Structures are given as C-alpha cells and as structure tokens.
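Enquirer: My questions concern the predicted model and sequence given below.
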Amino acid sequence: MKKGFTLLEFTLSISIMLLVFSGLVFPFKNYSNIFLGYSKNMLISDLKLSKIMAYSKGVEVTFAFIKDDKSNDYIGYNISQGLKFVKKTYFPKDIIISKSLSTIPTSGLLTFNSNGSVSPYACTIVLINKKTNTTKKITLTIGFTRITDK
C-alpha cells in the first residue's frame, strides 16, 4: 500500500482550497447598489424621452408614478401621450422612489408640455435602495426643463 499523495491529487486539493479561500477573502459585491444606479439611469432616460416626445411632437406627455399600497412610496412609472400608452416600468426589488424625500406632486403626475417645461412644477426625485439605505437624487428644473442627477 502506498503512502502519500500523487501529484494529481495534490494539485486538485490545492486548487479546491484556493477556490474556497478566494470566496472568503473576496466577498461578493453588493449588487443591489448596481440596481440603484441602473434604475436612476433608466429613470433619467425616460424623463428625457418624455420631454423630447412632448417638445418634438407638440403634445403633452404624462409621467405617472406607480404607488406601492403598503409603503405609500413609488415602485415604478407609466409614460403616456394623450390616450396612447407608451411605457410602463417597475423598479427592481428594494428600489423605490421615496414619497417623503421627493418633491413630486401628491398626485404622482408630471406633465411635460410642448414647450419643454414640466408641470405642475419642478421637483426632486429621490431613489432609495431599501437594503443599503443608499440614495440617488434626480432634479427637474423650471423653464425648459433640465434633468440632472446627483
């Protein structure tokens, strides 16, 4: 009977240990904040799309936030042009728009006018990752609406 390990057994055991230790040393990245950034960028793109649609076609475009029944915060949004439905988007799990931190009208509606402005007024939209409590802000200015993020 032989004593000891073959080179193949030794190599396999070392490689398995390295895989296990690499998982312990380098913890998995928190992907929920990636989803927050993605949601912010998607919301900015859709706000800009709504503004461009209203300005280029000379019609009003409505941006309606979808309210969560439990928390009273917003979990997504609809875009419509007159009676024509354009887009419906829900945020990933744990991503919301805070109703208390945002200055969105109580109706949850923003209207982009044909002159490029937003009504009823300019506002700030605050996205929150409920898991990590990280926030991202989007600001809509008055006049020919500028959409900026912070």
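Expert: The structure has been received and is ready for your questions. Numbering: from 1, shown residues only.

Enquirer: Would you enumerate the residues in contact with residue 73?
Expert: 67, 96-100, 128 (C-beta atoms under 8 Å, 6 or more residues apart in numbering). (Glycine included, C-beta is placed from N, CA and C.)

Enquirer: Now it. Nearest residue, chain neighbours left out?
Expert: residue 96 (4.4 Å; C-beta to C-beta, 6 or more residues apart in numbering).

Enquirer: residue ranges for the helices of this structure, please.
Expert: With DSSP state H as the criterion, the chain has helices at 7-25, 32-57.

Enquirer: mean pLDDT lowest for which of these?
Expert: Of all the helices of the chain, the minimum mean pLDDT falls on helix 7-25 (a mean of 80).

Enquirer: which residues of this protein score low on pLDDT?
Expert: 1-2, 4-5, 23-30, 150 (pLDDT under 70).

Enquirer: mind running it again at 80?
Expert: 1-5, 19-32, 142-145, 150 (pLDDT under 80).

Enquirer: where do the strands sit along it?
Expert: 61-67, 74-81, 84-90, 95-97, 109-112, 118-119, 123-129, 134-140, 147-149 (DSSP state E).

Enquirer: Cool, thanks, signing off.
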